[in-house]
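S.K.: Just to be clear, the model below is a prediction. Sequence and coordinates:
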Protein chains: 2
Amino acid sequence: MGIDPGLTRCGLSVVQAGRGRSVLPIAVGVVRTPASDSLTSRLLRLSNAVEEWMDEYRPDVVALERVFERSNVSTVMNTAHASGVLMLAAAKRGLDVHMYTPSEVKKAITGNGRADKPQMTTMVTRILGLGEPPKPADAADALALAVCHCWRAPLNHVVKGQS
Amino acid sequence: MGIDPGLTRCGLSVVQAGRGRSVLPIAVGVVRTPASDSLTSRLLRLSNAVEEWMDEYRPDVVALERVFERSNVSTVMNTAHASGVLMLAAAKRGLDVHMYTPSEVKKAITGNGRADKPQMTTMVTRILGLGEPPKPADAADALALAVCHCWRAPLNHVVKGQS
């Protein structure tokens, strides 16, 4: 399961790793929480949504984008709060969570750590054999994270979850 | 309930607001999670501990310190992840969460937004009529947050929780 964390939009994806570098898409979606709601109720909505996904798809492992200080402080903090809730959902199920920076994901998918969004979307669409590019960007990012983990997992130091 | 969020140490307190400015201490403690554990399992431990507190003391409202970029990025991020988990626990119980910055708490308790730790501890000990100063600092901070909320609540814009 790949997760692009966020409070306004959180990208969720599930893929199945095949032989070699083949990866099959299973599901992709975006959870939105209204900015007009309180922070606490937005976190609860996000938590409920990701728990439903985890219960439905029963992933073996979670790949999560590491929060970076790339935008304004308030957005970073909301994303960090959201990540805490997402990691908790994984921990409750004993799932390992692997964190990747945006540039690690870009490098894994395109070979270039500074690839732009169109490049990333093109490669994700091609790798997964999708009929059309995933939208919005958060959905494509969630898929890219999942693919990145499938390809990099054998090399990873595992961040062990605990049930 | 006052909470000084943190992953290594999280201060928890429960107080009862009385008439005027009187505030009675009910409970205070610190939850620690080992730095040797994974981030996910630390978040799970913290979540379980705060849920136990909430179930035991059934608070009416939560006062939480707002995460500030005061120390290194990694500490701030861990604290922000922890805050997400703490807010989720409140949201699941329909509790309102009020956020206060460190300087708002200092100003409420001592009249000085830049009060040092000994000043804060002295005032918290006096306000709550404690036999000895609360330790460690996270416990005193959690009590200060709870007192701050009791005194400031009538003036607050409520951040509404949702069950």
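M.R.: On my side now, so go ahead. Residues are numbered from 1 along each chain as shown, chains lettered A, B, ... in the order given.

S.K.: Please count neighbours and contacts with C-alpha atoms only from this point.
M.R.: Noted.

S.K.: how about the helix or strand hosting residue A:79: buried residues?
M.R.: Using DSSP states H and E, residue A:79 falls within helix A:73-92. Residues of helix A:73-92 classed as buried by neighbour count (16 or more other Cα atoms under 10 Å in any protein chain shown): A:76-92.

S.K.: who's in contact with that helix?
M.R.: Contact with helix A:73-92 is made by A:5-7, A:43, A:46-47, A:50-51, A:62, A:67-70, A:96-97, A:161-163, B:40-41, B:43-44, B:47, B:67, B:77, B:80-85, B:88, as judged by Cα atoms under 8 Å, 6 or more residues apart in numbering or on different chains.

S.K.: In chain A, which residue sits furthest out from the middle?
M.R.: residue A:36 (24.2 Å; Cα atoms, centre = their mean).

S.K.: Three-state assignment for that one, please.
M.R.: Three-state call for residue A:36 (DSSP: H, G, I helix; E, B strand; the rest coil): coil.

S.K.: May I have the phi/psi pair for it?
M.R.: phi -80, psi -20 (degrees, to the nearest 10).

S.K.: What separation do you get for it and chain B?
M.R.: 11 Å (Cα to the nearest Cα, to the nearest Å).

S.K.: which regions of chain A sit below the pLDDT cut-off?
M.R.: Along chain A, the parts satisfying pLDDT under 70 run over A:69-72, A:154-163.

S.K.: Just the residues contacting whichever strand or helix holds residue A:125, thanks.
M.R.: Assigned by DSSP H and E, residue A:125 belongs to helix A:117-127. Identification of contacts with helix A:117-127 by Cα under 8 Å, 6+ apart yields A:22-23, A:106, A:109-110, A:131-134, A:137, A:140, A:143-144.

S.K.: please redo it, this time with the cut-off set to 7 Å
M.R.: Helix A:117-127 is contacted from outside by A:106, A:109-110, A:132-133, A:140, A:144, using Cα atoms under 7 Å, 6 or more residues apart in numbering or on different chains.

S.K.: ok and the helix holding residue A:79 relative to helix B:73-92, angle-wise?
M.R.: Per axes from the mean of the first three to the mean of the last three Cα atoms, to 10 degrees, the angle that helix A:73-92 makes with helix B:73-92 is 70 degrees.

S.K.: Tell me how far helix A:73-92 lies from the chain's centre.
M.R.: Averaged C-alpha coordinates place helix A:73-92 at 12 Å from its chain's average position (Cα atoms, centre = their mean, to the nearest Å).

S.K.: Pairing partners for whichever helix or strand comes after it, with directions?
M.R.: Sequence order places strand A:96-100 as the next helix or strand after helix A:73-92, per DSSP H and E. Strand A:96-100 has the following strand partners under DSSP bridges: strand A:61-65 (parallel).

S.K.: need the contact list for the closest residue to residue A:99 other than its chain neighbours.
M.R.: Excluding its sequence neighbours, the residue lying closest to residue A:99 (Cα to Cα, 6 or more residues apart in numbering or on different chains) is residue A:64, at 4.9 Å. By Cα under 7 Å, 6+ apart, the contact set of residue A:64 is A:2-4, A:97-100, A:145.
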